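J.: Got a sequence here, can you build the structure:
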Amino acid sequence: MKMSDDGYANLADVGTHLADGGIIILAGDALRGGDLDFAMAASKATPAAINFMARYGRGLICLGLTRARAWELGITAQSNQGAASSGRPFGVSIEASHGVETGISAFDRAHTIAVAMADDARAADLVTPGHVFPLIAHPDGLAARRSTLEAGIALCQKFGLGDGIVLCAIMREDGSMARADEMAEFAHTHQTPILDIGALISE
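T.: Below is the predicted model:
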């Protein structure tokens, strides 16, 4: 992966990385004060990737979906009051209705994501509550909300990787939120390029 010294990569290289099942770091969320997310195409999610996010991200692992996809799967908003103060529009948590044990393991969460992203997925394939936390994107995408959720879905759609993105907020070891200007070494060490979502908006 070709990255600049500060860990950033161009859009085309990021698309290739995502298509290969890679994880990236998304920056530039206007609603969350500089918070960062690990992101990967939901269609490529694996237990190893979920474990990586849990280990190094430490935040909540979420499955971002288009509104149409969420409705197809019977996923409704957690609250009638709209998005949380963070700007994150949470849906009711989900779990695969078959093939899971505790639900929380990396294997089980990857399996739930795979079930939700299957071409023939139906609402009956999922149960609630569960250990995967859906986020329901605005139908107008980045034009309506400049967030890692809409940006991640736009990336997946742009590169033919489906309508879902796995996101995990990145925290420092002390539990505070990480910032882009301190992630360069991590990005190079773990081959997780940084992309500011402004690169998508400016296209």
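
J.: if I look at Ala9, how far off is Gly57?
T.: Using Cβ to Cβ, to the nearest Å, we find Ala9 at a distance of 19 Å from Gly57. C-beta here means a position set from N, CA and C on the backbone, and glycine is covered the same way.

J.: With Thr112 instead?
T.: In terms of Cβ to Cβ, Thr112 sits 18 Å off from Gly57.

J.: same question, Leu142
T.: Distance of Leu142 to Gly57, given as Cβ to Cβ: 22 Å.

J.: Point out where the protein drops to low pLDDT.
T.: Scanning the chain with the threshold set as pLDDT under 70 gives 79-87, 203.

J.: how about the helices in it?
T.: Applying DSSP state H to the chain gives helices spanning 11-19, 47-52, 67-72, 106-117, 148-158, 184-190, 198-201.

J.: Surely Lys158 and Gly15 touch.
T.: Yes: counting by Cβ atoms under 8 Å, Gly15 is a contact partner of Lys158 at 6.8 Å.

J.: quick one: which of the two has more around it?
T.: The neighbour comparison of Lys158 against Gly15 (other Cβ atoms under 10 Å) goes to Gly15, with 20 against 14.

J.: That one: what's it in contact with?
T.: Neighbouring residues of Gly15 by Cβ atoms under 8 Å, 6 or more residues apart in numbering: Leu155, Lys158, Phe159.

J.: What are the buried residues along the biggest strand by length in the chain?
T.: In the chain, with assignment by DSSP state E, the single longest strand is strand 126-136. Buried positions in strand 126-136, judged by neighbour count with 16 or more other Cβ atoms under 10 Å: Leu126, Val127, Gly130, His131, Val132, Phe133, Pro134, Leu135, Ile136.

J.: For the first one, list each beta-bridge partner.
T.: Just to be clear, that refers to Leu126. Legend: beta-bridge partners of Leu126 under DSSP bridges are Ala96.

J.: wouldn't it be in contact with His111 here?
T.: No: using Cβ under 8 Å, Leu126 makes no contact with His111, being 11.4 Å away.

J.: shared neighbours, these two?
T.: Contact criterion Cβ under 8 Å, 6+ apart; residues shared by Leu126 and His111: Ala96.

J.: Thank you kindly, that will do.
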